[in-house]
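*Asks:* sequence-free structure coming up:
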């Protein structure tokens, strides 16, 4: 049998690394709760229509990257490549949009078939937030503020928000026509992929990383010259609110676009130089047409998504990972000399765990000093020791691992004495 390994583009999260993941997930939970967002969890796979109808057939995700298969019921199923469309599907299915505004957040795996690289995998993980029912720029600014709060919570302080507006249904078609006219005139200078995008999704050419494309893009018309009055006011108000709440690391980037068809008006990326060339760590924007496109009532929406892998790399590069992922500590170590002593101590340990005390026992029963040394290294304050002498007397020895002071107490009083020594008495 060949050596079994994780599929290309996937990875295992081992216990030491899982502590950092858990710490980052707690930061996301805490920030979203402080902003008034509730968690939603959707299935890992959905009907393919959920994504084709919303992301757009001309997007790379739909045309090249989706994991799609036909199940035994002859239904087309897709492993989710993003989470906004599934969240909207769930909101519609469960009538959550009857009470607006609706504020939701999520985290979980997504799947895209693409070349694996640093911070990007075929199974990766995202967290994100969605706000429905608020058409004003206050929601745009709040969404950006949530992303920055999570970064700061992870110890990342070197960042910048690059923001733009894609206009609305009233003004964007004129810009799209101007782009097509411009790019057609220089089509011979564009990459093959950009030539394919020219008719279907010309705005995506603005986001091309191809060097030849970048030279052509530099001369492309600026969408700001095509904004209608309402879109211009919305964009300027968003910037004003961000400045008012203290978020000043903001700059307009006319080349910022989002790859999915459902975006309108505000679009943004949070960037950093901490990871070198791969500087985009978060993206999002407004999608006022998405709910209606999926069969629901016209409903304003705005959100963001951030890769957990990229957030983890940022925490490591910023030096905060060691603090966030410190090994789990214990308060009390139970130290038996032999198997009979372990049976004596186990009930006490489990009763303390039920009281909320972090307690553990070395079931390998190494030498007493090694067990005590290991307990101290794990942060334990107390050690509860039992050997043949304690067992014969119906007692245990409790040692303060800081002062090394020991006292003997009756086994029946061990639990209450540990609680008292830890200062956890009610």
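*Replies:* The structure has been received and is ready for your questions. Predicted model, so just to flag it, every value in this text is computed and none were measured.
*Asks:* which residue packs closest to residue 160, ignoring adjacent ones?
*Replies:* Leaving aside its chain neighbours, residue 160 sits nearest to residue 249 (4.9 Å; criterion: CB to CB, 6 or more residues apart in numbering). C-beta here means a position set from N, CA and C on the backbone, and glycine is covered the same way.
*Asks:* neighbours of that neighbour, just the number please.
*Replies:* Neighbour count for residue 249, taken as other CB atoms under 10 Å: 14.
*Asks:* immediately after the lowest-mean-pLDDT helix or strand in the chain, which helix or strand?
*Replies:* Ranked by mean pLDDT, DSSP states H and E, the weakest helix or strand in the chain is helix 60, scoring a mean of 56. Following helix 60 in sequence order, the next helix or strand is strand 67-70 (DSSP states H and E).
*Asks:* Can you name the residues in contact with that next one?
*Replies:* With CB atoms under 8 Å, 6 or more residues apart in numbering as the test, strand 67-70 has contacts from 48, 76, 77, 78, 79, 81, 111, 112, 113.
*Asks:* which residues sit in contact with the residue nearest the centre of the chain?
*Replies:* Taking CA atoms, centre = their mean, the centroid of the chain lies closest to residue 127, which sits 2.9 Å from it. Contact analysis of residue 127 by CB under 8 Å, 6+ apart lists 25, 28, 105, 106, 107, 150, 305, 306, 308, 311.
*Asks:* repeat for residue 237
*Replies:* Counting by CB under 8 Å, 6+ apart, residue 237 touches 136, 137.
*Asks:* Tell me which helix or strand comes right after the helix or strand where the residue nearest to the centre of the chain lies.
*Replies:* Using DSSP H and E, residue 127 sits within strand 123-132. Once the chain leaves strand 123-132, the next helix or strand it forms, by DSSP H and E, is helix 137-153.
*Asks:* Model confidence score at residue 397, please.
*Replies:* Here the pLDDT value assigned to residue 397 is 94.
*Asks:* just checking, residue 409 touches residue 399?
*Replies:* No: counting by CB atoms under 8 Å, residue 409 stays clear of residue 399, with 11.5 Å between them.
*Asks:* gap between stretch 42-57 and the chain center?
*Replies:* Put simply, stretch 42-57 sits 20 Å off its chain's centre (CA atoms, centre = their mean, to the nearest Å).
*Asks:* which residues are in contact with it?
*Replies:* The contact list for stretch 42-57, computed with CB under 8 Å, 6+ apart, reads 61-63, 66, 68, 75-90, 106, 108-109, 111, 200-201, 260-262, 290, 293-294.
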